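> Model the following, please.
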Amino acid sequence: MKKIYLFLILSCFIFSVKAQSNTTWKGKKCAVVITYDDAIHQHLDNAVPVLDSLGLKASFYLTAFSDACKTRLNEWRALAKRGHELGNHTLYHPCLGNLPGRNWVKGEQDMSQYTYQRMLNEVRMTNVFLEALDGQKKRTFAFTCGDMKIGDKNFMDDMKADFVAARAVRDEMHTIDKINLYDVDCFVVNNHTAEQMIEWVEKAKTNNALLVVLFHGVGGGNGLDVKIEEHRKFLKYLKQNQKDIMIETMFDTAEYIKAFRAK
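The predicted model follows:
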């Protein structure tokens, strides 16, 4: 009798896990969000054509003062009209310059010299800039260099009403119940091959998790780069396996997670 009782408990547990995995990501095995940081020319020149040819949507985190932002406004505006997300990546891309290995941070972009209010003002001004491009009042944020604090205070604590989610830079992935929407983890591409990136997705499928992929350079433009062909092969893999993968922007994914949790 005891064995039968244990068997029934185990069966119910397995059924519950399977049921969650079948419904968590719109009936798919995992979710993948494709993101690009810093608003560089190579995103428009090398990444966007592949995304559009495959019908995939991505989140582009724009630094408003970047050269590609200032000189190609109409292209970013058109990008949003085609269903891609324009996310907030600050006005000037400040990073903490007082950390080890951060001697490349210029004085005027040293976040350790920022006041708390200056950080809030610049991030909110970037939202105004982005709204002028896409007309949207709600969007997501990406921490520059993964830096979240001015002094000992996380500035996102006072900006949760400004954003539906915020993305960090740790190489981790989580199931839907473990995701912190204002500290979303992601895997940073640093000269990885398509095969290596595909391994991330396969792990996400096994774990029924959210995988956020972060690109900087695509065929140049940043030291954290990916070869054009490796980038293309990875995106083609995502498209070919879309029956198992929920692929949406960070904004749409965050909204979906909130709605799923509210059920």
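
> Buried residues, the lengthiest strand in the chain. List them.
Counting by DSSP state E, the longest strand found in the chain is strand 30-37. By neighbour count on 16 or more other Cβ atoms under 10 Å, the buried set for strand 30-37 is Cys30, Ala31, Val32, Val33, Ile34, Thr35, Tyr36, Asp37. Every C-beta, even on glycine, is put in place using the N, C-alpha and C of the backbone.

> Ok, stretch 65-75 next?
For stretch 65-75, by 16+ other Cβ under 10 Å, it's Phe65, Ser66, Ala68, Cys69, Arg72.

> Tell me which residues are up against it.
38-41, 43-44, 62-63, 76, 91-93, 133 (Cβ atoms under 8 Å, 6 or more residues apart in numbering).

> From those residues, which land in strands?
Leu62.

> which one of the contacts of stretch 65-75 sits closest to Val213?
Checking the contacts of stretch 65-75 against Val213 with Cβ to Cβ, the nearest one is His43 at 13.8 Å.

> Just give the nearest non-adjacent residue to that closest one, would you?
Tyr36 (4.9 Å; Cβ to Cβ, 6 or more residues apart in numbering).

> in terms of contact, does the one you found touch Asn222 like I think?
No - contact criterion Cβ atoms under 8 Å: Tyr36 and Asn222 do not qualify, at 10.1 Å.

> what sits in contact with each of those two?
His216.

> Please name the residues that touch the residue nearest to His43.
Contacts of Tyr36 by Cβ under 8 Å, 6+ apart are His43, Ala47, Ala58, Ser59, Phe60, Tyr61, Leu214, Phe215, His216, Val218.

> how close does it get to Gln113?
28 Å (Cβ to Cβ, to the nearest Å).

> same thing with His41?
Counting by Cβ to Cβ - His41 and Gln113 are separated by 29 Å.

> next one: Arg124
19 Å.

> Also Ile179?
In terms of Cβ to Cβ, Ile179 sits 32 Å off from Gln113.

> More neighbours: the two, which one.
Ile179 (21 against 15; other Cβ atoms under 10 Å).

> Tell me the pLDDT of the more buried one.
For Ile179, the pLDDT comes out at 98.

> before we move on, which element is it in?
For Ile179, there is no enclosing helix or strand under DSSP states H and E.

> can you check Lys239 too?
Short version: Lys239 belongs to helix 228-240, going by DSSP H and E.

> Could you name the helices and strands sitting against that helix?
Counting contacts by 3 or more Cβ pairs under 8 Å, 6 or more residues apart in numbering; DSSP states H and E, helix 228-240 packs against strand 30-37, helix 48-54, helix 194-207.

> Just the buried residues of it, please?
Neighbour-count burial for helix 228-240 [16+ other Cβ under 10 Å]: Ile228, Glu230, His231, Arg232, Lys233, Phe234, Leu235, Tyr237, Leu238, Lys239.

> and the closest residue to His192 other than its chain neighbours, how many neighbours does it have?
Excluding its sequence neighbours, the residue lying closest to His192 (Cβ to Cβ, 6+ apart) is Val226, at 6.5 Å. For Val226, the count of nearby residues is 27 (other Cβ under 10 Å).

> Now do the strands in this protein.
According to DSSP E, the strands that the chain contains are 30-37, 59-62, 85-88, 140-142, 149-150, 153-154, 165-167, 187-188, 210-215, 245-247.

> Okay, now the sheet partners of the last one, with direction.
Here strand 245-247 is paired, per DSSP bridges, with strand 30-37 (parallel).

> quick one: the partner strand to helix 194-207, angle?
Per axes from the mean of the first three to the mean of the last three Cα atoms, to 10 degrees, the angle that strand 30-37 makes with helix 194-207 is 140 degrees.

> How far does the helix holding Lys239 sit from its chain's centre?
How far helix 228-240 lies from its chain's middle: 17 Å, per Cα atoms, centre = their mean, to the nearest Å.

> Residues in contact with it: which ones?
32, 34, 46-47, 50-51, 54-56, 192-194, 197-198, 201, 215, 218-219, 245, 247.
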